[in-house]
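1. Sequence first, then the predicted structure, then my questions.
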Amino acid sequence: MKVLIINGSPRRNGNTSVALNEIANTLEQEGIESEIVWIGNKPVRGCIACDKCKENPGRCVFNDDICNEISSKYAGADALIVGSPVYFGQPNGALLSVIQRSFHSNGGSISGKPAAAVAVCRRGGSSAAFETLNLPFQMMNMPIVASQYWNIVFGREAGQAVLDLEGLQTMRALAHNMAWLLKATGGQKAPGRGEEPWIPTHFIR
Ligand SMILES: Cc1cc2nc3c(=O)[nH]c(=O)nc-3n(C[C@H](O)[C@H](O)[C@H](O)COP(=O)(O)O)c2cc1C
């Protein structure tokens, strides 16, 4: 089984990387493969709601950034972990764009798979960013894996997160819980509504 881990920081080897590496190493000890993909630091477009992805399922119409490269890995993953630095109490905007566009264009490849978010900050705003990252999982039937605390790690300059011993322990506990769930379910996706058709009412009466 394999966990796809997205490093949503423009700093490839920053504190988000420290947190996610702790997860990857623990998963490896558990016999679970993982792949960390880096969002990079090049421009990422926002969703323009063109719905061209409905004509060409699985791919966003914009092919000039990292979005399709990341979402092409969804089908081969049994679970997803997304890590982000905290910017003004929010996740990195580029990461949010990738999540929104890839879930809209290729949601069928990731829905129902266990997920977790990690927020990394200097001092504050991590709870809000963590909650924001969890929101898409909850409308994609993705069981959210918990840890001993919110998945938050502290650090400012790149690498300082190694000093946050409790934060790193929280990452290890998260990885153990993720491994436990994957082994218990055999990597099966959550069923959601199954064969029942969607009833979209859009609050229109
Ligand atoms: C534009 C910007 C906004 C930031 N906003 C916050 C913030 O609201 N709260 C906070 O605690 N740290 C904030 N930080 C600090 C980063 O979250 C912190 O340095 C983090 O470790 C960066 O993770 P990285 O090394 O993976 O990039 C901000 C940093 C930048 C560049």
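-> Alright, I've got the coordinates.

2. For the rest of this, base every contact and every neighbour count on C-alpha atoms.
-> Noted.

3. Low-confidence regions, the chain specifically.
-> Within the chain, the set of residues satisfying pLDDT under 70 comprises 205.

4. all strands of it, in order?
-> Secondary structure of the chain (DSSP state E): strands at 2-7, 33-38, 79-87, 90-91, 115-121, 152-154.

5. Dump those into TSV; add mean neighbour count and distance to the ligand as well.
-> Shown next, in TSV, are the strands of the chain (neighbours: other C-alpha atoms under 10 Å; distance: least, C-alpha to the nearest ligand atom, whole Å):
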stretch	mean neighbour count	distance to the ligand
strand 2-7	24	8
strand 33-38	17	11
strand 79-87	26	3
strand 90-91	24	7
strand 115-121	28	4
strand 152-154	26	6
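
6. want to try CSV for those, with distance to residue 135 as columns?
-> Output for the strands of the chain, formatted as CSV (distance: least, C-alpha to C-alpha, whole Å):
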stretch, distance to residue 135
strand 2-7, 16
strand 33-38, 21
strand 79-87, 12
strand 90-91, 12
strand 115-121, 10
strand 152-154, 16
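
7. how about the ones you listed, which one is nearest residue 65?
-> Closest to residue 65 of those, according to C-alpha to C-alpha: strand 33-38, at 12.3 Å.

8. ok, and what's touching that closest one?
-> Strand 33-38 is contacted from outside by 1-9, 12, 20, 24, 27-28, 70, using C-alpha atoms under 8 Å, 6 or more residues apart in numbering.

9. where does that strand sit relative to the chain's centre, distance-wise?
-> Its chain's C-alpha centre and that of strand 33-38 lie 11 Å apart, by C-alpha atoms, centre = their mean, to the nearest Å.

10. quick one: strands adjacent to it?
-> Partner strands and pairing direction for strand 33-38 (DSSP bridges) are strand 2-7 (parallel).

11. Tell me what angle the lengthiest helix in the chain forms with strand 33-38.
-> Ranked by number of residues, the top helix in the chain under DSSP state H is helix 165-185. Relative orientation of helix 165-185 versus strand 33-38 (axes from the mean of the first three to the mean of the last three C-alpha atoms, to 10 degrees): 130 degrees.

12. list the buried ones in helix 165-185?
-> Buried residues in helix 165-185, defined by neighbour count with 16 or more other C-alpha atoms under 10 Å: 167-179, 181-182.

13. Pull it out as PDB, backbone CA atoms only.
-> Only the C-alpha atoms of helix 165-185 are listed here, as PDB (Å, rounded to 0.1, in the frame of the first residue of the first chain):
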ATOM      1  CA  LEU A 165       9.800  17.100  19.700                       C
ATOM      2  CA  GLU A 166       6.100  16.900  20.500                       C
ATOM      3  CA  GLY A 167       5.200  18.000  17.000                       C
ATOM      4  CA  LEU A 168       7.300  15.300  15.500                       C
ATOM      5  CA  GLN A 169       5.900  12.700  17.900                       C
ATOM      6  CA  THR A 170       2.500  13.800  16.700                       C
ATOM      7  CA  MET A 171       3.600  13.100  13.200                       C
ATOM      8  CA  ARG A 172       4.800   9.600  14.100                       C
ATOM      9  CA  ALA A 173       1.500   8.900  15.900                       C
ATOM     10  CA  LEU A 174      -0.400  10.100  12.800                       C
ATOM     11  CA  ALA A 175       1.700   7.700  10.600                       C
ATOM     12  CA  HIS A 176       1.100   4.800  12.900                       C
ATOM     13  CA  ASN A 177      -2.700   5.500  12.900                       C
ATOM     14  CA  MET A 178      -2.600   5.800   9.100                       C
ATOM     15  CA  ALA A 179      -0.800   2.500   8.800                       C
ATOM     16  CA  TRP A 180      -3.200   0.900  11.200                       C
ATOM     17  CA  LEU A 181      -6.300   2.100   9.200                       C
ATOM     18  CA  LEU A 182      -4.800   1.000   5.900                       C
ATOM     19  CA  LYS A 183      -4.000  -2.500   7.200                       C
ATOM     20  CA  ALA A 184      -7.400  -2.800   8.900                       C
ATOM     21  CA  THR A 185      -9.200  -1.900   5.700                       C
END
